[in-house]
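Visitor: Okay, here's the prediction I keep looking at, along with the sequence it came from:
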Amino acid sequence: MTKITFAFFASALLISPALAQTAGTPVIKTLAENDKVIVTENWLKPGESAAMTVRKDGVFYYVQGSTFELEYKDGTRETVVRKSGSARIGTDPRPYAPKNIGKTTAHVIVVMPK
């Protein structure tokens, strides 16, 4: 049982959006965390994609904006422009994976409920 618990925990760490990733994937740094929220600083270079997950109720502040293609779990895609200095609150309950299709590295501060 302990090995299974450890394996599950290790797997969760590997896919956790709060951890820095290898080249070709977003760089994510945890700034603060408690039992209710996690605050991360995220960089997504042109051509890079983030993991597919639900981002409902998250607060996003775009230090450096870009253009993103959002791919939803059902395969539909949507292009959105996020401007530098803008903020938004996630309202869509559907999981999606954002891909930076712009020409600048996106830099985003994210506050997500746990």
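Guide: Yep, it's here.

Visitor: Which SSE is immediately downstream of the least confident helix or strand in the chain by mean pLDDT?
Guide: Lowest mean confidence among the helices and strands of the chain (mean pLDDT, DSSP states H and E): helix 2-15, at a mean of 39. Sequence-wise, the next helix or strand downstream of helix 2-15 (DSSP states H and E) is strand 27-33.

Visitor: Next, work out how far apart the nearest residue to Ser86 once chain neighbours are set aside and Asp35 are.
Guide: Closest residue to Ser86 apart from its sequence neighbours, by Cβ to Cβ, 6 or more residues apart in numbering: Tyr62 at 5.1 Å. C-beta here means a position set from N, CA and C on the backbone, and glycine is covered the same way. According to Cβ to Cβ, to the nearest Å, Tyr62 stands 27 Å off from Asp35.

Visitor: Which one's more surrounded, these two?
Guide: Just comparing Tyr62 and Asp35: by other Cβ atoms under 10 Å the higher neighbour count belongs to Tyr62, 17 against 5.

Visitor: Low-confidence bits of this structure, can you list those?
Guide: The chain contains residues with pLDDT under 70 at 1-23.

Visitor: which residues does Val39 form a beta bridge with?
Guide: Ala32, Val111 (DSSP bridges).

Visitor: if I read this right, it contacts Lys114, doesn't it?
Guide: No - under the criterion of Cβ atoms under 8 Å, Val39 makes no contact with Lys114, lying 11.3 Å away.

Visitor: Tell me how far the residue most central in space within the chain lies from Lys36.
Guide: Centroid-nearest residue in the chain, with Cα atoms, centre = their mean: Ala50, separated by 5.6 Å. Relative to Lys36, Ala50 is positioned 22 Å away (criterion: Cβ to Cβ).

Visitor: And the nearest residue to Glu41 once chain neighbours are set aside, how far from Trp43?
Guide: Closest residue in space to Glu41, ignoring its immediate chain neighbours: Lys29 at 4.7 Å, by Cβ to Cβ, 6+ apart. Applying Cβ to Cβ, the value for Lys29 to Trp43 is 9 Å.
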